[in-house]
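> got a sequence here, can you build the structure:
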Amino acid sequence: TDGMADTMGLEGLAEDGNPSPLYMALEVKTGRAVPLAPGVAVVHTSAARVYTDGMAAGGSGLAALAEDGDPSGLAATLDGASGVSSVSVFNTPVGAMGPGVILPGQSYEVSFSAEPGERLSFATMFVQSNDLFYGFDDAGLALFDAMGEAMTGDVTMYVGLWDAGSEMNQWPGVGPDQAPRQSGADTGVADGDSDVRMVDDGFVYPGDEMVVRVRLRVE
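Alright, predicted model coming up:
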């Protein structure tokens, strides 16, 4: 800033040609803002799965969630399915008046009941993508340990970024067929590999913990 002292490490670059201090100061202030879209939270047995690694999602509604942030089809498919005890749609940011995406610093909350032996799965769209979503392992997260104690606290370490296999991936945050930039829902080129899988497309994505946090609270 003109007329103010340097606090970002510019001095090292200007005096000694060392850009490292300025780089480190700016790195934490830059990056791609990734909204997260409305999603579903599902309580189920180990035999029931919201999606299966290495298998196509078909007409389950996962593609609409992962491509366009619409969880309604997936929720309808899972509601009443064998091994599923509850399906909850989360779509309204905490403190907001109506449904919408969450931006950095915002959150969704969802309440559910579960019994020992049951697991939790969820899915929410990585909005700066063609068809990516965050979720647990395809078997879901065990909600109780071997002693019957409920899982609680930060469980972000169990979250991964998944590819729904419905649309060809483009550079994250830039692709013209991604939700913030597409001309309409479901407008991208079909993916040649329709299997649901952990994302591995050669593009660079922020660490999961830099975008999403998942915490469980027992009441």
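> report all helices and strands that the worst-scoring helix or strand of the chain on mean pLDDT contacts.
Among the secondary structure pieces of the chain, namely its helices and strands, helix 20-27 has the lowest mean (mean pLDDT, DSSP states H and E), a mean of 82. In this structure, helix 20-27 packs against helix 10-16, with contacts taken as 3 or more C-beta pairs under 8 Å, 6 or more residues apart in numbering; DSSP states H and E. Yep, even glycine has a C-beta here, placed from its N, CA and C like the rest.
> contacts for the least confident helix or strand of the chain?
Helix 20-27 is contacted by residues 8, 9, 10, 11, 12, 13 when judged by C-beta atoms under 8 Å, 6 or more residues apart in numbering.
> possible to save those as CSV with pLDDT, distance to residue 113 and neighbour count?
CSV is the format used below for those (pLDDT from 0 to 100; distance: C-beta to C-beta, whole Å; neighbours: other C-beta atoms under 10 Å):
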residue, pLDDT, distance to residue 113, neighbour count
8, 87, 50, 15
9, 89, 52, 17
10, 92, 55, 14
11, 91, 58, 14
12, 91, 56, 16
13, 92, 57, 16
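> distance from the least confident helix or strand of the chain to the middle of the chain?
28 Å (C-alpha atoms, centre = their mean, to the nearest Å).
> give me the next element, helix or strand, following that helix.
Per DSSP states H and E, the first helix or strand lying C-terminal to helix 20-27 is strand 39-44.
> distance from the chain centre to that following strand, please.
Averaged over its C-alpha atoms, strand 39-44 has a centre that lies 13 Å from its chain's centre (C-alpha atoms, centre = their mean).
> so what's the nearest residue to residue 73 once chain neighbours are set aside up against?
For residue 73, the nearest residue in space outside its immediate sequence neighbours is residue 61; the separation is 2.8 Å by C-beta to C-beta, 6 or more residues apart in numbering. Taking C-beta under 8 Å, 6+ apart as the definition of contact, the neighbours of residue 61 are 71, 72, 73, 74, 75, 76, 77.
> got phi/psi on residue 61?
Phi and psi for residue 61, reported as degrees, to the nearest 10, are phi 100, psi -10.
> please apply the same query to residue 80.
Residue torsions, per degrees, to the nearest 10, at residue 80 are phi 80, psi 0.
> for it, give me the pLDDT.
At residue 80, the model reports a pLDDT of 93.
> go on, the one 4 residues further on?
pLDDT for residue 84: 97.
> give me the number of residues near residue 205?
Taking other C-beta atoms under 10 Å as the neighbour definition, residue 205 ends up with a count of 18.
> do you know how far residue 49 is from residue 206?
Distance of residue 49 to residue 206, computed by C-beta to C-beta, to the nearest Å: 27 Å.
> and the two? Which one has more around it.
Between residue 49 and residue 206, counted using other C-beta under 10 Å, residue 49 has the larger neighbour count: 22 against 15.
> no further queries at this time; thank you.
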